[in-house]
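Colleague: What follows is a predicted structure for the sequence shown.
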Amino acid sequence: MGERTKVLEVDDVTLRFGGLTALDSVSLHIDEGEILGMIGPNGAGKTTAFNVITGVYRPTSGQVRFLGDPLTGLKRHAITKRGIARTFQNIRLFGAMTALENVLVGTDVHHSAGVVSALFRTPRHRREEAEGHEAAMELLEFMGLASRADELASNLPYGDQRRLEIARAMATGPRLLCLDEPAAGFNPQEKAQLMDLIRRVRDRGFTVLLIEHDMRLVMGVTDRIVVLEFGKKIADGTPAEIRDDPAVIAAYLGVDEDAS
């Protein structure tokens with residue numbers, strides 16, 4: 001079996017805010033088709049790492065590469081067009097738009113017809129519009145939300161809003177889907193359903209980077225886990241390896257791993 005394609009490579013990335021080092025020489029990679037979990041105690045740097053990968057922050061030093069090409073310095077919309085999409089810890093839907101319209105916003109990212117085509121309803125614009133509508137409805141069906149397509153996003157139950165945000169991110173056609181705390185606010189049954197959904201998303205050909213506090217969910221759904229503490233990477237391995245890693249146990253339980 002040949003070596004898998006590295007979708008994302010983070011090489012020796014450091015990010016400082018004034019005197020605070022939020023990320024300290026962090027390196028990691030994600031292989032195509034992998035579900036990689038990123039965990040760590042509060043303040044470990046997980047969301048900061050997400051923000052560097054998705055172009056919100058520019059690293060002080062180091063490099064982020066996507067499919068071999070450097071991302072550092074690109075604007076967020078350019079990174080989305082390259083093939084990286086994300087959800088947010090705090091849901092960021094367009095509440096005054098319908099579920100369908102929210103997903104259509106995602107499909108618009110790769111449409112090539114410009115404003116003039118839209119104004120004059122050219123055949124090219126109409127074709128892209130029809131293709132976008134079909135793709136959006138298929139994603140809503142995949143998420144179990146097709147029956148709510150015409151409901152305002154703000155009126156959807158919390159769990160449906162979470163799924164809708166994932167659908168909108170998928171609609172941009174990413175190679176890498178970054179999920180930031182997707183189980184936040186979920187009950188145990190909803191978390192079990194989310195684990196199944198993440199696996200089905202991967203089975204559709206997406207590579208997934210997952211930040212999540214729920215250890216049972218992370219251990220149950222990921223292929224590999226990276227652990228951060230105080231902005232440093234302290235472990236990288238399979239769920240079984242991470243579960244038994246003394247440095248990880250110390251980070252979470254606050255014990256001295258060198259103590260006898």
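Modeller: Sure, I can see it. Numbers count the residues shown, from 1 in each chain.
Colleague: helices and strands of the chain: which one has the lowest mean pLDDT?
Modeller: Within the chain, no helix or strand scores below helix 115-120, which has a mean of 45 by mean pLDDT, DSSP states H and E.
Colleague: elements contacting whichever helix or strand comes after that helix?
Modeller: Going down the chain from helix 115-120, the next helix or strand is helix 123-142, by DSSP states H and E. With contacts defined as 3 or more CB pairs under 8 Å, 6 or more residues apart in numbering; DSSP states H and E, helix 123-142 has these neighbours: helix 99-107, helix 115-120, helix 158-171. Placement of C-beta: from N, CA and C, glycine included.
Colleague: Helix 123-142 to helix 158-171, inter-axis angle?
Modeller: Orientation check (axes from the mean of the first three to the mean of the last three CA atoms, to 10 degrees): helix 123-142 against helix 158-171 gives 140 degrees.
Colleague: So which bits of helix 123-142 are buried?
Modeller: Neighbour counts over helix 123-142 (16 or more other CB atoms under 10 Å) mark 125, 128-129, 132, 135-137, 139-140, 142 as buried.
Colleague: what about the helices in the protein?
Modeller: 46-53, 76-82, 99-107, 115-120, 123-142, 158-171, 188-203, 215-221, 239-243, 246-253 (DSSP state H).
Colleague: Going by mean pLDDT, which of these comes out lowest?
Modeller: Ranked by mean pLDDT, these bottom out at helix 115-120, with a mean of 45.
Colleague: quick one: contacts for the residue lying closest to Glu212 once chain neighbours are set aside?
Modeller: Of all residues not flanking Glu212 in the chain, Val218 sits nearest, at 5.0 Å (CB to CB, 6 or more residues apart in numbering). Residues in contact with Val218, defined by CB atoms under 8 Å, 6 or more residues apart in numbering, are 37, 39, 210, 212, 225, 239.
Colleague: Of those, which one scores lowest on pLDDT?
Modeller: Confidence-wise, Glu212 trails the rest of the contacts of Val218, at 88.
Colleague: ok, it - contacts?
Modeller: 37, 39, 179, 181-183, 218.
Colleague: quick one: contacts for Thr222?
Modeller: 35-37, 210, 239.
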